[in-house]
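S.K.: Only the shape, not the letters, is given here:
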Ligand code: NAP
């Protein structure tokens with residue numbers, strides 16, 4: 001076994017924005033030539049940019065061009081269809097890499113914790129998002145929207161905006177996008193008339209950003225309804241907003257207030273915004289039929305934050321389907337520390353710690369993105385986050401405080417992967433899939449027609465489970 005000491009190797013687990021930004025920073029270093037291998041559970045790269053960003057936000061998705069450029073670097077390799085924790089373990093990777101960077105995002109959703117939450121037709125927004133984006137994990141979901149008239153979306157973040165917008169769009173608006181073909185068909189037969197978006201705090205505390213709330217007022221066939229009560233500020237919020245000079249929140253409130261006088265304009269669907277309400281119970285015998293909500297008021301907590309508090313005023317709304325959109329949540333990785341309360345890997349500036357609030361490090365292990373800081377920020381937020389972590393690795397490398405792999409040869413890693421999973425996917429193979437998707441899109445007047453199962457991806461590449469994957 002040869003050990004080429006000049007080859008510094010880093011494994012990145014996950015291929016979303018934070019993983020690519022970390023790869024980019026490492027590959028750019030002039031002093032040390034770092035080799036980066038990216039391992040991805042799915043055959044396809046780009047994480048939430050492919051499986052999360054809404055199909056009608058094509059401009060945001062175009063960031064994949066940059067990631068593809070990073071992937072074309074001669075010291076970068078992609079191992080798709082390889083799950084960390086089952087196919088390769090932390091101990092396997094420690095034998096080949098000086099550093100391991102976890103960039104796995106937040107793969108599940110937070111729950112409301114109220115009665116009736118598990119009734120049929122009560123879903124996590126993340127499930128709906130994965131489904132309409134053709135994510136293989138959600139391909140088998142059946143969001144039958146025929147006969148569904150009233151939908152409630154709980155939470156007022158950008159994911160809630162995405163869900164409401166996709167439900168309210170016409171098939172014509174969605175046709176040219178890369179939305180999954182089956183989702184387009186289901187939405188074509190949707191009977192949804194009203195989508196109510198509910199925030200537990202007031203309009204000044206909404207988590208959505210200005211372009212997203214503005215977009216809801218520009219839908220082809222859906223009116224936005226904000227009544228005076230829901231657009232006005234309570235005294236605490238008004239004072240807080242003035243003091244904090246939060247320009248985004250001020251603008252959000254202005255946009256909401258501009259909707260008050262609009263009323264109905266004869267469009268087929270309505271998007272209703274409600275604030276200071278929380279779901280209390282989801283009611284139904286064998287599926288969602290109604291939702292009991294409680295009116296909230298705001299109070300100032302000991303940290304100076306405005307928090308919601310339930311009053312004794314309730315209301316019951318007839319509802320046919322519910323999407324909870326109250327945030328993503330990280331899931332633990334095998335043999336990697338996890339802080340359950342926050343759903344993150346405990347870390348100091350990206351260096352993995354053996355426990356939250358501890359000081360002991362898991363040498364050579366690093367973390368970036370949502371699994372480092374929690375599910376917040378836009379795609380660009382991941383760049384400084386990833387650079388911070390990559391710099392920690394570079395500093396540790398200088399100090400010799402990284403993993404000491406036994407075998408860093410190029411081929412030994414490929415051999416290990418090939419032995420464990422012959423159907424791994426290289427970046428060149430992903431590019432073949434990408435070309436097919438784009439070609440199928442061009443043939444049908446759509447931006448892309450996605451593969452939505454792993455089987456059809458492997459089939460398109462002429463791979464059967466016994467077959468070996470190709471090199472880079
Ligand atoms: P988010 O921005 O954190 O919003 C979560 C929402 O859920 C907040 O309104 C929060 O209200 C509410 N919530 C939490 N717990 C609740 C409960 N028990 N009951 C009722 N409401 C509750 O999360 P997200 O929408 O999942 O988005 C995740 C990140 O991705 C965000 O940074 C977002 O901006 C980003 N993203 C960006 C885009 C885009 O740029 N177009 C698109 C999608 C997502 P409180 O504020 O009261 O806690």
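M.R.: Nice, thanks for sending it over. In this text the structure is predicted, and so the values were computed from the model without any measurement.
S.K.: Not counting its neighbours along the chain, what's nearest residue 72?
M.R.: residue 427 (7.9 Å; CB to CB, 6 or more residues apart in numbering). In short, each C-beta sits where N, CA and C put it, glycine included.
S.K.: Now do the one you found: how many residues are near it, please.
M.R.: When neighbours are defined as other CB atoms under 10 Å, residue 427 has 19 of them.
S.K.: What of residue 159?
M.R.: Counted with other CB under 10 Å, residue 159 comes out at 27.
S.K.: Chain neighbours aside, what residue packs nearest to the residue of the chain found nearest the ligand?
M.R.: When scored by CB to the nearest ligand atom, the chain has residue 157 as its residue closest to the ligand, at 2.2 Å. Closest residue to residue 157 apart from its sequence neighbours, by CB to CB, 6+ apart: residue 207 at 3.9 Å.
S.K.: With residue 184 instead?
M.R.: Residue 184 sits nearest to residue 174 (CB to CB, 6+ apart), 5.8 Å away.
S.K.: Spell out which parts of the protein neighbour the ligand.
M.R.: With CB under 6 Å from any ligand atom as the criterion, the chain comes near the ligand at residues 112, 154-160, 162, 199-201, 205, 207, 212, 278, 325-328, 375-378.
S.K.: Can you list the low-confidence ranges for the stretch 1-150 of the chain?
M.R.: Applying pLDDT under 70 to the stretch 1-150 of the chain flags residues 1-6.
S.K.: For it, just list every one of the strands.
M.R.: Counting by DSSP state E, counting those that start in this stretch, the stretch 1-150 of the chain has strands at residues 8-13, 34-39, 76-79, 99-102, 108-109, 122-124, 150-154.
S.K.: Just name the most buried of those strands.
M.R.: Sort those by mean neighbour count, taking mean count of other CB atoms under 10 Å, and strand 99-102 sits at the top with a mean of 29.
S.K.: who are the neighbours of that one, in terms of helices and strands?
M.R.: strand 8-13, helix 90-94, strand 361-367, helix 382-398 (3 or more CB pairs under 8 Å, 6 or more residues apart in numbering; DSSP states H and E).
S.K.: would you turn those into JSON lines with distance to residue 136?
M.R.: Formatted as JSON lines, these follow (distance: least, CB to CB, whole Å):
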{"stretch": "strand 8-13", "distance to residue 136": "18"}
{"stretch": "helix 90-94", "distance to residue 136": "24"}
{"stretch": "strand 361-367", "distance to residue 136": "25"}
{"stretch": "helix 382-398", "distance to residue 136": "23"}
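S.K.: which residue sits closest to residue 236, ignoring its sequence neighbours?
M.R.: residue 298 (5.2 Å).
S.K.: Where does that neighbour sit: helix, strand or coil?
M.R.: With DSSP: H, G, I helix; E, B strand; the rest coil as the basis, residue 298 sits in strand.
S.K.: okay if I get the strands of the stretch 1-150 of the chain as a markdown table plus distance to residue 409?
M.R.: Output for those, formatted as a markdown table (distance: least, CB to CB, whole Å):
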| stretch | distance to residue 409 |
| --- | --- |
| strand 8-13 | 10 |
| strand 34-39 | 11 |
| strand 76-79 | 13 |
| strand 99-102 | 17 |
| strand 108-109 | 37 |
| strand 122-124 | 43 |
| strand 150-154 | 51 |
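S.K.: which stretch among the ones you listed comes nearest residue 459?
M.R.: strand 76-79 (19.6 Å; CB to CB).
S.K.: ok, the closest one: who's next to it in the sheet?
M.R.: strand 34-39 (parallel) (DSSP bridges).
S.K.: circling back: show me what contacts the residue nearest to residue 236?
M.R.: Residues near residue 298 by CB atoms under 8 Å, 6 or more residues apart in numbering: 201-202, 205, 234, 236-237, 276, 306-309.
S.K.: wait, what's in contact with residue 225?
M.R.: With contacts defined as CB under 8 Å, 6+ apart, residue 225 is in contact with 259, 262-264, 270-273.
S.K.: Those in strands, which ones?
M.R.: In this view, those that belong to strands under DSSP state E are 270-273.
S.K.: coming back round to it: let me know the distance separating the residue of the chain closest to the ligand from residue 8.
M.R.: Noted for residue 157: a distance of 39 Å to residue 8, by CB to CB, to the nearest Å.
S.K.: now residue 238
M.R.: According to CB to CB, residue 238 and residue 8 sit 55 Å apart.
S.K.: try residue 114
M.R.: 50 Å.
S.K.: go on, residue 16?
M.R.: Distance from residue 16 to residue 8, counting by CB to CB: 23 Å.
S.K.: So which residues of the stretch 251-400 of the chain form helices?
M.R.: 370-373, 382-398 (DSSP state H, counting those that start in this stretch).
S.K.: quick one: buried residues of the last one?
M.R.: Just to be clear, that refers to helix 382-398. 382-383, 385-390, 392-394, 396-397 (16 or more other CB atoms under 10 Å).
S.K.: now, which of these sits nearest residue 38?
M.R.: Proximity of the buried residues of helix 382-398 to residue 38 (CB to CB) peaks at residue 386, which lies at 12.6 Å.
S.K.: contacting residues around that closest one?
M.R.: In this structure, residue 386 makes contact with 18-19, 21-22, 25, 103, 368-369, judged by CB under 8 Å, 6+ apart.
S.K.: Mind doing that once more with 7 Å?
M.R.: 18, 21-22, 25, 368-369 (CB atoms under 7 Å, 6 or more residues apart in numbering).
S.K.: ok, which pair from those residues is furthest apart?
M.R.: The farthest-apart pair in the contacts of residue 386, when distances are taken by CB to CB, is 25 and 369, at 13.3 Å.
S.K.: Between these two, tell me which one has more neighbours.
M.R.: residue 369 (31 against 22).
S.K.: Now that one: closest residue in space, sequence neighbours ignored.
M.R.: residue 18 (2.8 Å).
S.K.: Can you tell me how far the one you found is from residue 109?
M.R.: Going from residue 18 to residue 109 by CB to CB gives 19 Å.
S.K.: Once you drop chain neighbours, what's closest to residue 162?
M.R.: Closest to residue 162 by CB to CB, 6+ apart is residue 54, at 4.2 Å.
S.K.: Pretty sure that neighbour sits against residue 167.
M.R.: No. Applying CB atoms under 7 Å as the test, residue 54 and residue 167 come out as separate, 11.2 Å apart.
S.K.: can I see the domain layout of the protein?
M.R.: Following automatic domain parsing, one gets these domains for the chain: 8-107+330-469, 109-328.
S.K.: Just send the helices of the stretch 251-400 of the chain back as a markdown table, with mean pLDDT too.
M.R.: Listed next are the helices of the stretch 251-400 of the chain as a markdown table, based on pLDDT from 0 to 100:
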| stretch | mean pLDDT |
| --- | --- |
| helix 370-373 | 98 |
| helix 382-398 | 98 |
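S.K.: For the ones you listed, give me CSV that also has distance to residue 348.
M.R.: Shown next, in CSV, are the helices of the stretch 251-400 of the chain (distance: least, CB to CB, whole Å):
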stretch, distance to residue 348
helix 370-373, 10
helix 382-398, 8
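S.K.: Those: which one's closest to residue 447?
M.R.: Among these, helix 382-398 sits nearest to residue 447 (CB to CB), with 23.9 Å.
S.K.: next one: the closest one to chain centre, how far?
M.R.: Distance, stretch centre to chain centre, for helix 382-398: 22 Å (CA atoms, centre = their mean, to the nearest Å).
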